[in-house]
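J.: I would like to see how this sequence folds:
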Amino acid sequence: MAQVARKMVEKAGINVDKLLDMLVRNASAELTTYYYYTILRVNLIGLEGEGLKAITEDARIEDRNHFEALVPRIYELGGELPRSMVDFHNISSCPPAFLPKDPTNIKAMLKVLVNAERCAVAGYSEICNMTAGKDHRTYDLALAILHEEIEHEAWFAEFLGEGPSGHGGVRTMGHSPYVKRFLPGEH
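T.: All right, here's what the predicted structure looks like:
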């Protein structure tokens, strides 16, 4: 499988090694964000924090789904994940979404969340630009993830008071409406 998929993508004019590097780094960002969002969500307490908890949980679960959806494409193209979780963490395309020094500072927490989403939007936009019209499967997957990352960014940006986004609120937790067709058993 990997030989055929890789050859087709190469034939379309894409540097598959560069694409695989981007996919693996974005998969790392998804899994590490899932981990860091777990810590952030646990610390969202009190009147202000509780209002963010559901949206953070939705973004957290969807990031895990993004990781799960990316892994098959990485292997289809002949790539692989690093053997070490530490190495995998350290190649993330986005910086860690660390808990702010003052976890009661909801505005600082929101900045961590919105910046993580903005980094993801940039990463998937880059993959879409690279694969558009050339690698339909990777493009379709990256575009589906991009749709969800844009929604996540919009949710957090609204809480920061950056203006209305036009996006609805939280949906069914971890629903991944755009990505679910790429997940095993979710069709």
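J.: excluding chain neighbours, what is closest to residue 156?
T.: In this structure, residue 156 finds its nearest non-sequential neighbour in residue 114, 4.1 Å apart by C-beta to C-beta, 6 or more residues apart in numbering. Using the backbone N, CA and C atoms, a C-beta is placed for each residue, glycine as well.
J.: and what of residue 19?
T.: Distances taken as C-beta to C-beta, 6+ apart place residue 130 nearest to residue 19, at 6.4 Å, with adjacent residues excluded.
J.: just residue 102 next, same as before
T.: Nearest in space to residue 102, with sequence neighbours left out and distances taken as C-beta to C-beta, 6+ apart, is residue 108 at 6.4 Å.
J.: now do the same contact list for the one you found.
T.: For residue 108, the contact set (C-beta atoms under 8 Å, 6 or more residues apart in numbering) comprises 100-102.
J.: that one sits in which helix or strand?
T.: Using DSSP states H and E, residue 108 maps to helix 106-131.
J.: next SSE after that helix?
T.: Heading C-terminal from helix 106-131 (DSSP H and E), you reach helix 136-159.
J.: buried set for that next one?
T.: Residues of helix 136-159 classed as buried under the neighbour-count rule (16 or more other C-beta atoms under 10 Å) are 137-146, 148-159.
J.: run the angle between that helix and helix 106-131 for me.
T.: If you take axes from the mean of the first three to the mean of the last three C-alpha atoms, to 10 degrees, helix 136-159 sits at 160 degrees to helix 106-131.
J.: in the protein, what helix or strand scores lowest on average pLDDT?
T.: Every helix and strand in the chain was compared by mean pLDDT, DSSP states H and E; the lowest is helix 2-11, with a mean of 91.
J.: for the helix or strand following that one, the distance to its chain's centre please.
T.: The first helix or strand that comes after helix 2-11 along the chain, using DSSP H and E, is helix 16-42. Averaging C-alpha positions (C-alpha atoms, centre = their mean, to the nearest Å) puts helix 16-42 6 Å from its chain's average.
J.: in helix 16-42, which residues are buried?
T.: Neighbour-count burial for helix 16-42, counted by 16+ other C-beta under 10 Å, picks out 16, 19-20, 22-37, 40-41.
J.: poorly predicted segments of this protein, please.
T.: 1, 167-174, 186-187 (pLDDT under 70).
J.: need the longest helix for it.
T.: Criterion DSSP state H: the longest helix present in the chain is helix 46-76.
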